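sequence-free structure coming up:
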């Protein structure tokens, strides 16, 4: 395949952008292979360099040699709050408000039941949970379960309509910061403020935003938040999630999942539950040390990195991708694509979702892309998702991905 | 210290018992150091040999090189049921009834809410959860939470009194198979039958029995069960727990924690929850692969091992320990100990709990034991716990532990 002048110009532009990219050296903190353009970090982040060594030490020395002593001597016991405090600056939280453990789903459950209880402490008649209509499915399922257990109903409304929908019956508002399918970024400051004005408790799911853009939990007065750590935080497959409870609510937060590890006096083994102070109140079972150690090490890639710089690069990457894709499209192609991701920066996360026409061609297009070394993923019915992790994605990667996409859909000129 | 004839006889007996022990070679499947007698496997099992290598491969190749492809190509997606089927024979369950994931606490919650719903489907007025009065604290806290969310009350009764207490108001009965403090083994067949006769749903916590003795879940008609995997199953610190739902109940089991991973069509990303068939219905979040891979490898130590043989050795170990401790006690000692663990085999788990007199000496006694290479643990107010893992504990270990205990409490003659 010979390059057209336009294509050559884009490749040249990619080289210039990479040369000017202050974050480019961070790529060396990850294990990557030059033959692959990995644009699925919004599903599973790439492996940070230090993780293998750290896990080997945790297994062989901390578990294998020290065994039970490691709960104190290797700092296992305090890991949920310690790792939480490593996540905190990435989401704009002061220390002491985030605890790591369990899955996102389980933390959504803790947060929602806790939110309903908080809201009802002030106003007993609140009986509605508002949910983003385009929510990630599990959040909706958990909302339905929480509603069933607390005598609430769930009302699904588009995120844009939440400010109007929230009212005196609303106990909790559950929103995804970035839509998992389209990559649309919702207006966290405005929606949080609207929930608060109505007396409802806000719960944000940060799975697709944390590590990709500034969240500002404290600044915007978010009440509760959850997120996974295996996407832009690169914690590994199924790594533990986290729960944020803002400090002003911690004393009143009542978890539906109390455990001895969140007891004020864990080793008293008391028959009655008395919750610990602070973030530890969100704990439930025995901390999962192997996965949490991998995550702790993975978070070291953020040393010296400002999330604002990551955001700037993320927008530059997605802008460039959209331009390259447009330049590579041919009206006569077998498959055409259009972006579902908002063009406006203020409404865009760190992924681009392309809807294929015809939709039923999308799965095959993604299979072909992967076969050619460009890894994104596919969401039914016809969406190609490409995630951009600024810590390790280069502009050259972006140019190559769009070029290969153009070849696959038949638009290469 | 010179040995008395009695001490010499016990050491000789230990050598003979080890020589005759068909399970003795299994010790080589674990990483152990000869200087330590590790009797805390009922808190954190020792490291199985293969785990470090398996984890290194999962991290470096499956995550690092294959990345997202590993969900299918490395079998990550099916791991919760696959690892569940490795646990199944150890607890007397046919395949397809156990799913691995989350903490024990979270699984107790799923099981209890599910149990109340199952019981009420047959008889709506059931509004009581019966709990073993000596339960591990978290189980009691979770029972209180489940009761609050379902309009039930919790009644705590001694396990021995459950058969009389269970009645037409009882929705669920939550019992610990082996008491975490005393090591007492409860009568699972009789108590399960009593719950069933009363129309209540039985929920068993197997944390301190699975891997140490036959459980017979299917044989005895247990409805629901949960357990951890980091004690006698050696899965590592905080490794994922499991949930058993007997096959006859699976279609009616309604989890309070539904997630996309337990949806009948996970990748349809449907807004409404439709539960998967079988054990997968107990899933909630994204499976925690690193910890689950460690567990899967750890379970290979059971290849060719019959749980009945493990039980026979466990009883021989605890019998021998009790005899050695008695032989090493001196009436004039600063601290004396008496066993809280039932002498009767049918009522004994795989640990021995010794109550110190005076009680406030116990913590120091355990600290001194650990300093001398004998690792058990301490539970307030005055209990020394010693767990016996037949896969890697030798009779020589037992003799040494009792001898050092005798020295520490001042009873050495």
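Sure thing, it's come through. Predicted, not measured: the structure shown is a model, and the values here were computed from it.

How about stretch A:166-176 and chain B, touching?
No - residues of stretch A:166-176 contacting chain B under Cβ under 8 Å from any Cβ of the partner chain: none, with a closest distance of 12.8 Å. Quick note: C-beta positions are derived from backbone N, CA and C, even for glycine.

So which residues of the stretch 251-400 of chain A form helices?
Ranges of helices in the stretch 251-400 of chain A, per DSSP state H, counting those that start in this stretch, are A:289-298, A:307-328, A:362-371, A:395-408.

Quick check: which of the ones you listed is nearest to chain B?
Among these, helix A:289-298 comes nearest to chain B, with 3.8 Å by Cβ to the nearest Cβ.

thinking again about what came up before, pipe the helices of the stretch 251-400 of chain A into TSV and attach distance to chain B per row.
Listed next are those as TSV, based on distance: least, Cβ to the nearest Cβ, whole Å:
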stretch	distance to chain B
helix A:289-298	4
helix A:307-328	19
helix A:362-371	8
helix A:395-408	14
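
Pick the most buried one from those.
Across the helices of the stretch 251-400 of chain A, the average number of neighbours (mean count of other Cβ atoms under 10 Å in any protein chain shown) peaks for helix A:289-298, which reaches a mean of 27.

and that one, what does it pack onto?
helix A:51-57, helix A:79-87, helix B:289-298 (3 or more Cβ pairs under 8 Å, 6 or more residues apart in numbering or on different chains; DSSP states H and E).

I'd like those helices laid out as CSV, including distance to residue A:97 and mean pLDDT.
Formatted as CSV, the helices and strands packed on helix A:289-298 follow (distance: least, Cβ to Cβ, whole Å; pLDDT from 0 to 100):
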stretch, distance to residue A:97, mean pLDDT
helix A:51-57, 25, 98
helix A:79-87, 8, 98
helix B:289-298, 25, 98
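
so which of those comes closest to residue B:131?
helix A:79-87 (26.5 Å; Cβ to Cβ).

Who are the packing partners of that closest one?
With 3+ Cβ pairs under 8 Å, 6+ apart as the test, helix A:79-87 has strand A:98-100, helix A:289-298 packed against it.

measure the closest residue to chain B within the stretch 251-400 of chain A to residue B:223 for me?
Nearest residue of the stretch 251-400 of chain A to chain B: residue A:285, at 2.2 Å (Cβ to the nearest Cβ). Distance of residue A:285 to residue B:223, given as Cβ to Cβ, to the nearest Å: 22 Å.

quick one on the thing from earlier: so which of the helices and strands packed on helix A:79-87 comes closest to residue B:102?
Among the helices and strands packed on helix A:79-87, helix A:289-298 comes nearest to residue B:102, with 12.3 Å by Cβ to Cβ.

Leaving out the residues flanking it, which one is nearest to the residue positioned nearest the centre of chain A?
For chain A, the residue sitting closest to the mean C-alpha position, by Cα atoms, centre = their mean, is residue A:207 at 2.2 Å. Spatial nearest neighbour of residue A:207, excluding adjacent residues (Cβ to Cβ, 6 or more residues apart in numbering or on different chains): residue A:228 at 4.7 Å.

where do the strands sit along the stretch 201-350 of chain A?
Taking DSSP state E, counting those that start in this stretch to define them, one finds strands in the stretch 201-350 of chain A at A:201-205, A:224-227, A:242-245, A:336-339.

Out of those, which one sits most buried?
Burial of the strands of the stretch 201-350 of chain A is given as mean neighbour count (mean count of other Cβ under 10 Å); strand A:242-245 ranks first at a mean of 30.

Strand partners (parallel or antiparallel) of it?
Sheet pairing for strand A:242-245, assigned by DSSP bridges, gives strand A:98-100 (antiparallel), strand A:224-227 (antiparallel).

Format those as TSV; extra columns: mean pLDDT and distance to residue B:403.
Below are the strands paired with strand A:242-245 laid out as TSV (pLDDT from 0 to 100; distance: least, Cβ to Cβ, whole Å):
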stretch	mean pLDDT	distance to residue B:403
strand A:98-100	98	43
strand A:224-227	98	52
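
Not counting its neighbours along the chain, what's nearest residue A:117?
The nearest residue in space to residue A:117 (Cβ to Cβ, 6+ apart) is residue A:254, at 4.9 Å.

and the nearest residue to residue A:244 once chain neighbours are set aside, what does it touch?
Using Cβ to Cβ, 6+ apart and skipping the chain neighbours, the partner closest in space to residue A:244 is residue A:225 (4.1 Å). Taking Cβ atoms under 8 Å, 6 or more residues apart in numbering or on different chains, we find residue A:225 in contact with A:91, A:111, A:203, A:204, A:205, A:206, A:215, A:217, A:243, A:244.

from the middle of its chain, how far away would stretch A:163-173 be?
The chain centre lies 25 Å from the centre of stretch A:163-173; the measure is Cα atoms, centre = their mean, to the nearest Å.

which stretch among the helices and strands packed on helix A:79-87 comes nearest residue B:146?
Closest to residue B:146 of these is strand A:98-100 (Cβ to Cβ; 21.8 Å).

What lies in contact with the closest one?
With Cβ under 8 Å, 6+ apart, strand A:98-100 has contacts from A:79-81, A:83-85, A:87-88, A:91, A:229, A:240-244, A:279-283, A:292, A:295.

Can you select the buried ones among the residues you listed for me in ChimeraX?
ChimeraX command restricting those to the buried ones, with burial defined by 16 or more other Cβ atoms under 10 Å in any protein chain shown:
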select /A:79,80,81,83,84,85,87,88,91,229,240,241,242,243,244,279,280,281,282,283,292,295
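
Near chain B, which residues of the stretch 101-250 of chain A are found?
A:101-106, A:109, A:113, A:136-138, A:140-142, A:144-145, A:149-150, A:156, A:181, A:228, A:230, A:236-241.

From those, list just the buried residues.
In these, the ones that pass as buried (16+ other Cβ under 10 Å) are A:101-106, A:109, A:113, A:136-138, A:140-142, A:144-145, A:149-150, A:156, A:181, A:228, A:230, A:236-241.

in the stretch 51-200 of chain A, what residue is nearest chain B?
residue A:103 (2.2 Å).

Can you name the residues that contact the closest residue to that residue other than its chain neighbours?
Computed as Cβ to Cβ, 6+ apart, the closest residue to residue A:103 that is not its neighbour in sequence is residue B:285, at 2.2 Å. Taking Cβ under 8 Å, 6+ apart, we find residue B:285 in contact with A:102, A:103, A:104, A:105, A:106, A:138, A:238, A:241, B:101, B:102, B:259, B:261.

I figured the third one hits residue A:230, correct?
No - proximity of residue A:104 to residue A:230 does not meet the contact threshold set by Cβ atoms under 8 Å, at 9.5 Å.

Find residues that contact each of these two.
residue B:286.

Do you have the helices of the stretch 101-250 of chain A handy? List them.
Under DSSP H, counting those that start in this stretch, the stretch 101-250 of chain A gives helices at A:104-122, A:137-150, A:162-165, A:188-197, A:247-250.
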